[in-house]
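Chemist: this is a predicted model, with the sequence first.
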Amino acid sequence: MSGPTYKVLAAMSGGVDSAVAAALMAEQGHEVTGVTLRLACYGKQPDNPRACCTVEAMNDAKRTAMTMGFPHHTIDAEDVFKHRVLQPFVDGYAGGRTPYPCALCNQHLKFGDLVTRMELTGADVLCTGHYAHVRILDDGTAGLFRGRDADKDQTYALALVPYAALSRTRLPLGALTKAEVRAHAQRLGLAVWDKVESQDLCFVPDGDYAGYITDKLGETRGTAPGDFVDASGAVLGRHRGVIHYTVGQRKGLGLASSEPWYVLAIDAAANTVTLGRRHELESPGLVTDRMNWLTATPPADGARLLVRIRYNHAGAMATIRHAAAGAVEAVFDADAPQSAVTPGQLAVFYDGDRCLGGASIASAMRASGAPSRMSAMEADA
C-alpha cells in the first residue's frame, strides 16, 4: 500500500459493517486491533435476529478478527452505557421527550470511551463502520461529510461526537454502498457477509420502547393514566400513560372522530397528551440545547443551513441565530414549516454535504415564532 500505516483501534459490533471496516483497514496493511464493547444489553441471543450486543455478536466480531489475522478484545462498558446512554433514554421518555440514544452511544462510547482507550494503547486512529466521510480540509482541520450511499448515510447519528476525535477517525465505508460492503465481506471470507442488520435500537430490537422501559427496567414514571386535551385545554378523553404516545401518532388513541386526531404534544409534568389536527403539527422553527459544532468556527448568525430534525428527515432550509448557553434558534423558510418538531430528537445542521454538528431539540416554535413549552416525542411512529 502507499501512504502511512497506522495502529488502528477498530470498533466492532459483530455486524457486517464494522467487520468490513476493520477488515479493509487490515487488508490495507494497517496494524488493527478489534474491540467490542460489552454493554448493558449483553446477554443471550433474543428471538429477534436483528438484536446486537449479545454473546453471538461478540463471537461474530472475534471470528472476523481471526479470519483477518488481527487481535480482538471485549471491553466491559456497562457502567458507561447505563449512565450515559440508557439512563438519559429512560429519563427522556418518562419526561415527555424523545432522546436519540444512538447519538449518545457514539458520543460517549465509540468516540468517547474508545478514544480514551486509544491513548492508553498507543493507537493512532479509531475505525468504525459508519457510512460517512471524514475529510481533512485545506486549512488542516477535519470535517464530517455525508456517505456516498444516501440511504445509509449516518452523519445524523454522528452529530454529537467530539470534534477533536474527527481528525483521528477513519470511516472506510463512506465511499461504499451496502451492497458493496456485503460483496467485500463475501470476498474476504467473513462469516457475517449475509448477516441481518440490526434495526431500531440495539437494546430494543422489537421496537417496543415503552414495554422495554416499563417491563424490563421497571420504570413507573410516565405510566399513570391522564387526560387527552385539545389545544385549548378541553378534555377529550383519557390516555393510558404519556410514555405510550408519540408526537404525530394518530393510531391507538381510542377516540372516535370524523377527522383523525394526532398527538401534538406531551406534558409529563401535567400528565396530559395534547391532540389536534394534522396541520397543527407544523412549526416555523426550533430552539436547540447546547450545540456540538463539528467545525473550527461555528457559522455566523443569519447563516442559511439545511436542518434535519429526525434520522429519516430529508431536511429543511433554516436561518440560524446563536442564543444563550450555546443554543441555536433555527427558523424554517416561511413557506416550509416542519411537522412534529420533537424535543429530545436531534437537530443536525448541514452546509451542502458537510455535517456541521447538532444538538438535542429543546423546544419547537409556535406559529408566532416564540418557543413552545410543549414537550414531544418521535414523529414517525
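Modeler: Noted; the coordinates are in hand.
Chemist: residue 194 contacts residue 182, doesn't it?
Modeler: Yes: using C-beta atoms under 8 Å, residue 194 is in contact with residue 182, at 6.9 Å. Using the backbone N, CA and C atoms, a C-beta is placed for each residue, glycine as well.
Chemist: who's more crowded, those two?
Modeler: Shown here are residue 194 and residue 182; by other C-beta atoms under 10 Å, residue 182 has more neighbours (20 against 10).
Chemist: three-state assignment of the closest residue to the more buried one other than its chain neighbours?
Modeler: Once flanking residues are discounted, residue 182 sits nearest to residue 193: 5.6 Å by C-beta to C-beta, 6 or more residues apart in numbering. Recorded secondary structure, residue 193: coil (DSSP: H, G, I helix; E, B strand; the rest coil).
Chemist: count the neighbours of residue 193 for me.
Modeler: The burial count for residue 193: 17, using other C-beta under 10 Å.
Chemist: give me the pLDDT for the residue lying farthest from the centre of the chain.
Modeler: Of all residues in the chain, residue 258 has its C-alpha farthest from the mean position, at 36.6 Å, by C-alpha atoms, centre = their mean. Looking at residue 258, its pLDDT is 88.
Chemist: for it, what are its contacts?
Modeler: If you count contacts by C-beta atoms under 8 Å, 6 or more residues apart in numbering, residue 258 has none.
Chemist: which strands and helices sit next to the helix or strand containing residue 275?
Modeler: Under the criterion of DSSP states H and E, residue 275 resides in strand 272-276. Counting contacts by 3 or more C-beta pairs under 8 Å, 6 or more residues apart in numbering; DSSP states H and E, strand 272-276 is packed against strand 226-229, strand 262-267.
Chemist: format these as CSV; extra columns: mean pLDDT.
Modeler: Below are these laid out as CSV (pLDDT from 0 to 100):
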stretch, mean pLDDT
strand 226-229, 97
strand 262-267, 92
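Chemist: so for residue 187, which of the ones you listed sits nearest?
Modeler: strand 262-267 (47.4 Å; C-beta to C-beta).
Chemist: helices or strands next to the closest one in the packing?
Modeler: Where contact means 3+ C-beta pairs under 8 Å, 6+ apart, strand 262-267 is packed against strand 272-276.
Chemist: one more time with 10 Å, if that's ok
Modeler: strand 226-229, strand 272-276 (3 or more C-beta pairs under 10 Å, 6 or more residues apart in numbering; DSSP states H and E).
Chemist: most packed of the ones you listed?
Modeler: Of all the helices and strands packed on strand 262-267, strand 272-276 has the most neighbours on average by mean count of other C-beta atoms under 10 Å, namely a mean of 23.
Chemist: tell me the mean pLDDT for it?
Modeler: Rounded mean pLDDT across strand 272-276 is 95.
Chemist: quickly run through the sheet partners of the helix or strand following it, with directions.
Modeler: Note on strand 272-276: by DSSP H and E, the next helix or strand toward the C-terminus is strand 282-283. If you go by DSSP bridges, strand 282-283 pairs up with strand 338-339 (antiparallel).
Chemist: contacts for the partner strand?
Modeler: With C-beta atoms under 10 Å, 6 or more residues apart in numbering as the contact definition, strand 338-339 has outside contacts at 247-248, 262, 278-286, 307-310, 313, 315-316, 318, 330, 332, 364-365, 379.
Chemist: now with 8 Å?
Modeler: Strand 338-339 is contacted by residues 248, 278, 281, 282, 283, 309, 316, 332, 379 when judged by C-beta under 8 Å, 6+ apart.
Chemist: most neighbours among those, which one is it?
Modeler: Going by other C-beta under 10 Å, residue 309 tops these with 25 neighbours.
Chemist: residues making contact with the lengthiest helix in the chain?
Modeler: Across the chain, the longest stretch assigned as helix under DSSP state H is helix 55-68. Helix 55-68 is contacted by residues 12-15, 18-19, 22-23, 26-27, 32, 34, 36, 38, 42-45, 51, 71-72, 74, 188-192, 195 when judged by C-beta under 8 Å, 6+ apart.
Chemist: rounded mean pLDDT for that helix, please.
Modeler: On average, helix 55-68 scores 92.
Chemist: now swap in stretch 305-316 and tell me
Modeler: 96.
Chemist: tell me which residues of that stretch are tucked away?
Modeler: Neighbour counts over stretch 305-316 (16 or more other C-beta atoms under 10 Å) mark 305, 306, 307, 308, 309, 310, 311, 313, 315, 316 as buried.
Chemist: contacting residues around the last one?
Modeler: Read that as residue 316. Listed by C-beta under 8 Å, 6+ apart, the contact set of residue 316 reads 306, 307, 309, 332, 333, 336, 338.
Chemist: ok, back up a step: looking at the contacts of helix 55-68, which are in helices?
Modeler: Using DSSP H, the contacts of helix 55-68 in helices are 18, 19, 22, 23, 26, 27.
Chemist: distance of the residue nearest to the second one when sequence neighbours are not counted relative to residue 57?
Modeler: Okay, so that is residue 19. In space, and not counting its chain neighbours, residue 19 is closest to residue 64: 4.2 Å by C-beta to C-beta, 6+ apart. Separation of residue 64 from residue 57 (C-beta to C-beta, to the nearest Å): 11 Å.
Chemist: ok, now residue 209?
Modeler: Per C-beta to C-beta, residue 209 is found 21 Å from residue 57.
Chemist: who's more crowded, these two?
Modeler: Neighbour totals were compared for residue 209 and residue 57, and residue 57 leads with 25 against 22 (other C-beta under 10 Å).
Chemist: how far away is that one from residue 197?
Modeler: Look at residue 57 and residue 197: by C-beta to C-beta, they are 12 Å apart.
Chemist: with residue 26 instead?
Modeler: Taking C-beta to C-beta as the measure, residue 26 falls 22 Å from residue 197.
Chemist: before we move on, what about residue 319?
Modeler: 37 Å.
Chemist: check residue 98 too.
Modeler: As judged by C-beta to C-beta, residue 98 and residue 197 stand 23 Å apart.
Chemist: since that was my last question, I'll sign off now.
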